[in-house]
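A.B. asks: model the structure of this input:
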Amino acid sequence: MRAQQPIKSKVTTTEFSTKFRSKNEVYSFMVNDVAAYLPPKECVTIYYLKDLVSGNKKCKCSQQLTTSI
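C.D. replies: Numbers count the residues shown, from 1 in each chain. This next block holds a predicted model:
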């Protein structure tokens, strides 16, 4: 039996910024929904998280993606 692939959709920066306003919200999204392996919240900046979201930086993710925007 094959596992279902999550549905991916493109999100504009405006849509993303209206949903996630703080560093804590972006960090929680990356760790919980994207399953990204990140350093502790105190060790990353909002600029680093924005670079991850925009694709300018890369990080490791687990193979199981649970949800997408």
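A.B. asks: grab the nearest non-local neighbour of the residue nearest the centre of the chain.
C.D. replies: Residue closest to the mean C-alpha point of the chain, counted by CA atoms, centre = their mean, is residue 30 at 3.1 Å. Leaving out its chain neighbours, the residue that sits closest to residue 30 by CB to CB, 6 or more residues apart in numbering is residue 36, at 4.5 Å. Every C-beta, even on glycine, is put in place using the N, C-alpha and C of the backbone.
A.B. asks: let me see the contact set for that neighbour.
C.D. replies: 30, 52, 59, 60, 61 (CB atoms under 8 Å, 6 or more residues apart in numbering).
A.B. asks: show the buried residues in those residues.
C.D. replies: Buried subset of the contacts of residue 36 (neighbour count, 16 or more other CB atoms under 10 Å): 30, 52.
A.B. asks: so which of the contacts of residue 36 comes closest to residue 18?
C.D. replies: Nearest to residue 18 among the contacts of residue 36 is residue 30, at 17.2 Å by CB to CB.
A.B. asks: I appreciate the help and will end here.
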